[in-house]
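>>> coords please:
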Amino acid sequence: MAEGDKSGLKRAGVIYGDVGTTQFTCTVTSPLLEQGDYVQVLHEKFGWVLGRVDEIKRKTNLTEKRAKELLKGEEVNIEETILATVVVIGYRDEKGLLQYPRIPFNVGSIVYFATDEFIKKVIGIEEIKETGAYIGRLFKHKNIKIYLDINNMVQKHVSVLAKTGAGKSYLTGVLLEEFLKKDVTAVIIDPHGEYQSLKHPAKKSKQHDEFGVKPMGFASKINMFTPDTELNGGRPLRFTLASMSPRELLNLMNLDARQYLIPLRKAMDLLKTSRQFFDLKDVIRILESEDSPNLSPLIAQLEYMAEMGIFAKKGTKIGDIVSKGKISIINLRGVAPDIQELVVQRLSMALFELRKRNKIPPLMLVVEEAHNYVPQQGVAASSKILRTIASEGRKFGLGLCIISQRPAKIDKNVLSQCNTQIILRVTNPNDLRAIGNSVENLTKGSLEEIQRLPVGVALVTGGNMSLPLFVEIRPRHTKHGGESVKVV
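A predicted model of the protein is given here:
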């Protein structure tokens with residue numbers, strides 16, 4: 001009997017054929033072995049080594065001709081073998097370092113199902129409860145809880161990527177709940193108004209007991225600001241014109257600076273010298289006094305901006321928005337796309353500048369639908385500042401979490417700056433290519449597996465994870481606010 005059998009391990013297969021140091025093939029002897037399972041093999045020199053099943057296929061002797069005979073009802077002897085390709089993860093040496101075996105396994109070595117303790121030891125999974133965010137458990141391993149280091153996430157940025165309906169908003173809600181429990185300060189750009197549900201506890205389910213979490217709400221730790229209080233309620237979000245240059249205002253309105261820059265600058269300079277506070281209506285009055293038909297397009301655009309109510313004589317103070325240990329939701333539901341870009345730009349710039357001077361506490365800026373605010377192609381008003389935060393924010397304690405259903409449409413430089421990446425189901429070829437280019441140590445089998453992930457399972461890579469892991473996301477403490485509207 002093999003040594004592994006004496007240890008009570010369950011056999012999964014036997015190594016055969018050509019054997020490398022990074023992967024091997026084995027015949028499968030257990031019907032329970034599936035793609036993605038962890039296995040362990042005893043190496044004659046390095047001891048127990050961990051691997052992961054990257055691919056499983058069934059090899060048979062059934063030809064097309066014999067298949068036709070089978071259809072005719074003739075008796076056909078079918079021989080088949082199930083084969084698995086295993087990617088070698090490695091082992092821990094005497095110093096506790098993860099190493100790869102530099103000598104191939106012996107042909108005929110028994111492959112066993114890996115134990116939970118061995119998986120945790122080799123991969124380096126730790127329950128960092130004090131500084132960690134509990135997001136779920138290792139897929140198919142109920143006793144291995146997965147924690148992401150919150151300090152690492154804030155210092156080195158995060159991305160949450162998935163196709164529509166795969167659960168990215170639900171997962172983001174899980175992260176935000178962990179921030180709230182650990183008194184992490186955060187600001188959320190919420191284009192659809194789906195994160196207000198963090199105030200309310202979820203309905204109790206069996207899953208809550210399975211994952212060891214309880215329904216609870218965080219109403220006392222949630223603030224909500226919006227440009228449209230009539231639609232969304234909450235506190236008003238306003239900016240002052242004093243913080244805007246005439247050129248920025250024209251860019252926002254998509255007007256020709258060569259034609260309108262001088263009269264707009266003249267009007268704004270006049271107001272700045274004559275009064276402390278002014279708004280768009282004051283600018284419009286001065287331009288109308290010029291009595292020039294050439295200024296009609298400019299006045300019309302300014303009137304449109306004034307109706308949006310985003311500019312006021314007194315703006316919202318960043319100190320009111322950023323509250324230590326709390327989360328502020330910037331609800332942009334129903335707000336025009338160009339105004340949304342302006343809000344993200346002005347708010348991001350203020351957060352970055354104030355963090356540089358240590359005027360506000362360290363925080364995480366969470367940006368939903370990030371492809372709209374920092375696109376790979378084209379330019380958004382908010383692109384430049386978000387790129388700056390991605391490259392420099394970590395120096396000043398300003399973390400960035402970008403969430404998107406279209407990874408291929410996000411600025412590649414921003415995506416590459418995200419050290420922790422959480423990827424749910426993605427099927428678009430361009431998006432898969434973007435993920436493959438930005439995630440290290442991702443095998444071909446894992447990339448294909450992303451296309452078939454069930455809802456609620458994510459690939460987590462980077463941060464305090466030494467290897468990409470498939471994680472079953474825990475149920476939320478709070479009510480989920482991102483459900484699709486049912487027509488029937």
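
>>> tell me which strands and helices the helix or strand where E230 lies is in contact with?
Using DSSP states H and E, E230 maps to helix 229-232. With contacts taken as 3 or more Cβ pairs under 8 Å, 6 or more residues apart in numbering; DSSP states H and E, helix 229-232 sits against no other helix or strand. Just so you know, the C-beta spots here come from the backbone N, C-alpha and C atoms, and that holds for glycine as well.

>>> Tell me which residues of that helix come out buried.
By neighbour count with 16 or more other Cβ atoms under 10 Å, helix 229-232 contains the buried residues N232.

>>> Give me the contact list for that helix.
Helix 229-232 is contacted by residues G193, M224, T226, R235, P236, N331, R333, G334 when judged by Cβ atoms under 8 Å, 6 or more residues apart in numbering.

>>> Could I get the CA-only coordinates of that helix as CSV?
Output of helix 229-232 as CSV, limited to C-alpha atoms (Å, rounded to 0.1, in the frame of the first residue of the first chain):
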residue,chain,number,x,y,z
THR,A,229,-32.4,65.1,-4.8
GLU,A,230,-35.9,65.2,-6.3
LEU,A,231,-35.4,61.8,-7.9
ASN,A,232,-33.0,60.1,-5.5
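
>>> my guess is K214 contacts T478, does it?
No: under the criterion of Cβ atoms under 8 Å, K214 makes no contact with T478, lying 11.0 Å away.

>>> which one of the two has more residues nearby?
Applying other Cβ atoms under 10 Å to K214 and T478 shows that T478 carries more neighbours, namely 24 against 11.

>>> Give the bridge partners for that one, please.
Beta-bridge pairing for T478 (DSSP bridges): P201.

>>> give the contact list for it.
G173, E177, S197, L198, K199, H200, P201, A202, P215, M216, G217, F218.

>>> who wins for most neighbours among the contacts of helix 229-232?
That'd be N331 among the contacts of helix 229-232, by other Cβ under 10 Å, with 27 neighbours.

>>> I'd say it and E194 touch.
No: N331 is beyond contact range of E194, at 9.2 Å (criterion: Cβ under 8 Å).

>>> re earlier: pLDDT averaged over the helix holding E230 - what is it?
Average pLDDT, helix 229-232: 91.

>>> Low-confidence bits of the stretch 1-150 of the chain, can you list those?
1-7 (pLDDT under 70).

>>> all helices of it, in order?
3-6, 64-71, 116-123, 150-156 (DSSP state H, counting those that start in this stretch).

>>> got it, and the stretch 151-300 of the chain?
Counting by DSSP H, counting those that start in this stretch, the helices of the stretch 151-300 of the chain are 168-181, 206-211, 229-232, 246-253, 257-274, 280-289, 296-308.

>>> Out of those helices, which gets nearest to K142?
helix 206-211 (7.5 Å; Cβ to Cβ).

>>> residues in contact with the nearest residue to G124 once chain neighbours are set aside?
Distance criterion Cβ to Cβ, 6 or more residues apart in numbering; nearest residue to G124, sequence neighbours excluded, is S466 at 5.1 Å. With contacts defined as Cβ under 8 Å, 6+ apart, S466 is in contact with L98, I123, G124.

>>> same thing with P475?
Neighbours of P475 in contact, by Cβ under 8 Å, 6+ apart: A202, S205, Q207, H208, F211, V213.

>>> how close does the residue lying closest to it once chain neighbours are set aside get to E34?
Leaving out its chain neighbours, the residue that sits closest to P475 by Cβ to Cβ, 6+ apart is Q207, at 4.3 Å. According to Cβ to Cβ, to the nearest Å, Q207 stands 22 Å off from E34.

>>> ok, now K281?
Distance, K281 to E34, using Cβ to Cβ: 66 Å.

>>> For G8, the count of nearby residues, please.
By other Cβ under 10 Å, neighbour count at G8 equals 8.

>>> One more: T131?
T131: 13 surrounding residues under other Cβ under 10 Å.

>>> Backbone dihedrals for it, please?
Main-chain dihedrals, T131, degrees, to the nearest 10: phi -110, psi 10.

>>> Next one: it from K326, what distance?
19 Å.

>>> So G463 is in contact with N151, correct?
No: G463 is beyond contact range of N151, at 9.8 Å (criterion: Cβ under 8 Å).

>>> That concludes my questions; thank you for your assistance.
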